[in-house]
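# build me a model:
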Amino acid sequence: MKCNKQGGVCSLRLYTHTDGNPVTGSGSPVATCPNRFLEDSLIYKWAGEIILKNTRPAVLAEIGFLKPLQPASAKKHGHDFVGKIDNVLLLPTTEGAELKWCALEIQAVYFSGQEMRHEFELLAKHVDDGVPYPAAQRRPDWRSSGPKRLLPQLQTKVPTISRWGRKMAVVVDEPFFASLVGLHPVEALSNSEIVWLVVGYEATVSGWKLCRKKMVLTTLESSVKALTGGTPLSKEDFEKLLTAQKPAFTL
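Purely as a prediction, here's the structure:
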């Protein structure tokens, strides 16, 4: 699909610089923009198939979910909602019948390092054949993307959606999913609250193609622990750490 964002950088990949072959890519790309997951509507068909038993649901975007506690103040600033769901997949139904739907959140990874502007400046000056070596270093930052971005979204939305008897699908790619620690799956869809849809990328003659990799059913509790990636210290170990620490400053 055609990118609608300025710059059009949707993914990162590891590159090495060697003699004879100046720029060599290794490993799979990592999506840094959620639009990368929209190729061929694969994720919508997949979520519809798993949760709704229908591969052609209607796709609704940016659906309001959280109402502001101070509606008048929010409307004054143009905000009818303080939280939205990325997508809701909805099946057609007859009037008066119960709606069949599921929620879907898409999460790419943020990156740390210098901005992409340096790469465009380099490409504008590049005159040799082939692709120039990157102008600056960058790396995926899963710690910011998972605990700081995705985790609050799930904690805010999943409990209510689950009480309503509906499911939440979460789309990430393989590198993002690999950053989760100790995620415990459940066997049945009926016992799950979150359906993780993990996508990957296949190298083709025309470029990298989005593909299904695996589906993992789990609970919100397990997902929160996996995204957090750690457990609290004991009180005794924490206080040992305090006594061994040098003060940053004294008053």
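
# show me the helices in the stretch 1-150 of the chain, by range?
42-47, 71-76, 117-125, 142-143 (DSSP state H, counting those that start in this stretch).

# can you put those helices in TSV and add distance to I63?
(C-beta placed from N, C-alpha, C; glycine too.) Output for the helices of the stretch 1-150 of the chain, formatted as TSV (distance: least, CB to CB, whole Å):
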stretch	distance to I63
helix 42-47	14
helix 71-76	17
helix 117-125	34
helix 142-143	27
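
# switch those helices over to CSV; also include mean pLDDT.
Output for the helices of the stretch 1-150 of the chain, formatted as CSV (pLDDT from 0 to 100):
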stretch, mean pLDDT
helix 42-47, 97
helix 71-76, 61
helix 117-125, 79
helix 142-143, 84
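
# between the ones you listed, which gets nearest to W208?
With CB to CB as the criterion, W208 lies closest to helix 42-47 of the helices of the stretch 1-150 of the chain, at 13.1 Å.

# roughly how far is that closest one from the heart of the chain?
15 Å (CA atoms, centre = their mean, to the nearest Å).

# and if you look at stretch 169-184?
On CA atoms, centre = their mean, the centre of stretch 169-184 falls 9 Å from that of its chain.

# wait, K167 sits on N191?
No. Counting by CB atoms under 8 Å, K167 sits too far from N191 to count as a contact (11.0 Å).

# in terms of neighbours, single out the busier of the two.
K167 (23 against 11; other CB atoms under 10 Å).

# per-residue pLDDT, the more buried one?
At K167, the model reports a pLDDT of 97.

# what about R143, how many neighbours?
There are 14 residues near R143, going by other CB under 10 Å.

# wait, D141
D141: 16 neighbours (other CB under 10 Å).

# now do it against G113, distance only.
9 Å (CB to CB, to the nearest Å).

# thanks again, I'm all set now.
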